[in-house]
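A.B. asks: Sequence first, predicted coordinates after that:
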Amino acid sequence: MSKAPVRVAVTGAAGQIGYALLFRIASGEMLGKDQPVILQLLEIPDEKAQNALKGVIMELEDCAFPLLAGIEAHSDPLQAFKDTDYALLVGARPRGPGMERADLLAANAQIFTAQGKALNAVASRNVKVLVVGNPANTNAYIAMKSAPDLPAKNFTAMLRLDHNRAASQLAAKAGFKVGDIRKLTVWGNHSPTMYADYRFATVDGKSVKDMINDQEWNANVFLPTVGKRGAAIINARGLSSAASAANAAIDHMRDWALGSNGEWVTMGVPSNGEYGIPAGVVFGFPVTTENGEYKIVEGLEIDAFSQAGIDKTLAELQGEQDGVKHLL
Ligand SMILES: NC(=O)c1ccc[n+]([C@@H]2O[C@H](COP(=O)([O-])OP(=O)(O)OC[C@H]3O[C@@H](n4cnc5c(N)ncnc54)[C@H](O)[C@@H]3O)[C@@H](O)[C@H]2O)c1
Ligand SMILES: O=C(O)C[C@H](O)C(=O)O
């Protein structure tokens with residue numbers, strides 16, 4: 001018997017990540033090749049954005065995806081999030097000329113407060129939320145705080161792009177296939193302060209740290225390369241990463257929904273106090289996923305170098321949260 005369709009809301013649907021994301025969701029790459037989806041697309045109530053969204057919808061129709069059971073265009077989150085099972089919050093306010101970080105935080109706080117409230121009011125009680133729009137961790141925190149009737153654990157932020165970037169850099173350095181790496185993680189904030197950690201990583205059971213055996217490379221090449229990769233892409237393309245960001249969003253949601261088969265993946269999730277991260281802070285952690293639930297990998301030893309990295313990214317995140325406290 002064929003499965004009933006699930007509802008997938010995507011915000012910022014006419015943006016560049018949206019364009020790289022929607023076709024893959026509709027083709028079954030996110031939720032499985034047997035899972036029909038109804039896309040509930042949200043864009044700002046602006047003629048240009050709504051027209052662009054119409055064009056994207058025409059293209060989705062023209063793909064004739066067998067799994068695409070419906071497409072809706074919205075400008076109101078209360079409609080876009082109605083009964084939604086999955087919500088990918090991609091649309092956000094980009095930093096404009098002369099805009100300070102605090103202004104960016106405040107502009108996004110407005111968006112994610114409204115969207116959190118709308119999810120709280122109308123989404124499925126089991127909705128799985130992924131925040132992609134930057135600052136992703138803090139936006140997820142704001143949405144979570146604005147949705148008190150939904151479980152906090154259902155609000156996550158995207159650290160998977162950082163995880164995938166780290167895997168790729170390590171594979172190139174040590175000469176293994178990128179798909180063979182296990183037990184990699186990225187701690188903290190999706191920002192240059194993130195701490196990518198391959199101390200536990202293995203390939204065919206062998207330690208990646210031992211293979212590389214170069215702390216100078218770790219501290220002065222690997223970490224800055226992964227941390228500043230987003231900026232490097234903006235410099236090269238004149239636009240921020242889109243296809244790789246959409247790919248990471250697919251990876252994040254697929255693993256959350258369908259399971260990681262015991263493998264570690266990185267998700268930004270609200271802490272329950274693990275590793276000394278204060279409860280509620282949305283932080284990149286190693287997790288495993290099964291039956292639609294994620295579980296933080298616990299009991300890992302944190303050495304002094306790693307603790308310093310974790311402390312730094314935590315301090316930045318707490319600063320961001322303090323900056324929006326008065327708006328929540
Ligand atoms: N977490 C990550 O790893 C990661 C990676 C890359 C990009 N990003 C972030 O993702 C976001 C989107 O990037 P993009 O390249 O697609 O940007 P974009 O400017 O091409 O598209 C964003 C779209 O969002 C829409 N939008 C803005 N506010 C909205 C709202 N309140 N409701 C609905 N739609 C809204 C805009 O109209 C626009 O069409 C940015 O914040 C970017 O910094 C995050
Ligand atoms: O948009 C950015 O600032 C960069 C983006 O978050 C990325 O990591 O590619």
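C.D. replies: It's in. Residues are numbered from 1 along each chain as shown. Ligands and ions are numbered 1, 2, ... in the order given.

A.B. asks: Where does the residue in the stretch 51-200 of the chain positioned nearest to ligand 1 fall, secondary structure wise?
C.D. replies: Nearest residue of the stretch 51-200 of the chain to ligand 1, counting by Cβ to the nearest ligand atom: residue 91, 2.6 Å away. Yep, even glycine has a C-beta here, placed from its N, CA and C like the rest. Of the helices and strands defined by DSSP states H and E, none includes residue 91.

A.B. asks: Near ligand 2, which residues of this structure are found?
C.D. replies: Residues of the chain lying near ligand 2 by Cβ under 6 Å from any ligand atom: 134, 161, 230, 233, 240-241, 245.

A.B. asks: Quick check: what element follows the longest strand seen in the chain along the chain?
C.D. replies: Longest strand in the chain by number of residues, with DSSP state E as the criterion: strand 282-290. The first helix or strand that comes after strand 282-290 along the chain, using DSSP H and E, is strand 293-296.

A.B. asks: on that earlier part again, report the distance from the longest strand of the chain to the chain centre.
C.D. replies: Here the centre of strand 282-290 is set off from its chain's centre by 11 Å, with Cα atoms, centre = their mean, to the nearest Å.

A.B. asks: got the buried residues for that strand?
C.D. replies: Counting neighbours by 16 or more other Cβ atoms under 10 Å, one finds that the buried residues in strand 282-290 are 282-289.

A.B. asks: tell me the contacts of residue 160?
C.D. replies: 248-249, 251-252, 265-267 (Cβ atoms under 8 Å, 6 or more residues apart in numbering).

A.B. asks: which of the residues you listed are buried?
C.D. replies: Members of the contacts of residue 160 classed as buried by 16+ other Cβ under 10 Å are 248-249, 251-252, 265-267.

A.B. asks: Show me which of those residues is closest to ligand 2.
C.D. replies: residue 248 (9.1 Å).

A.B. asks: Show me what secondary structure element comes after the helix or strand encompassing residue 41.
C.D. replies: Using DSSP H and E, the element containing residue 41 is strand 37-42. Next helix or strand after strand 37-42 toward the C-terminus (DSSP H and E): helix 47-63.

A.B. asks: And the helices in the stretch 51-200 of the chain, which stretches?
C.D. replies: Using DSSP state H, counting those that start in this stretch, the helices of the stretch 51-200 of the chain run over 77-80, 101-122, 136-145, 160-174.

A.B. asks: residues in contact with the third one?
C.D. replies: Residues from elsewhere that reach helix 136-145, judged by Cβ under 8 Å, 6+ apart: 89, 92, 105, 108-109, 111-113, 115-116, 119, 129, 131, 133, 150, 152, 155-159, 188-190, 268, 270, 280-284, 317, 320-321, 324, 327-328.

A.B. asks: pLDDT below threshold where in this structure?
C.D. replies: Along the chain, segments meeting pLDDT under 70 span 1.
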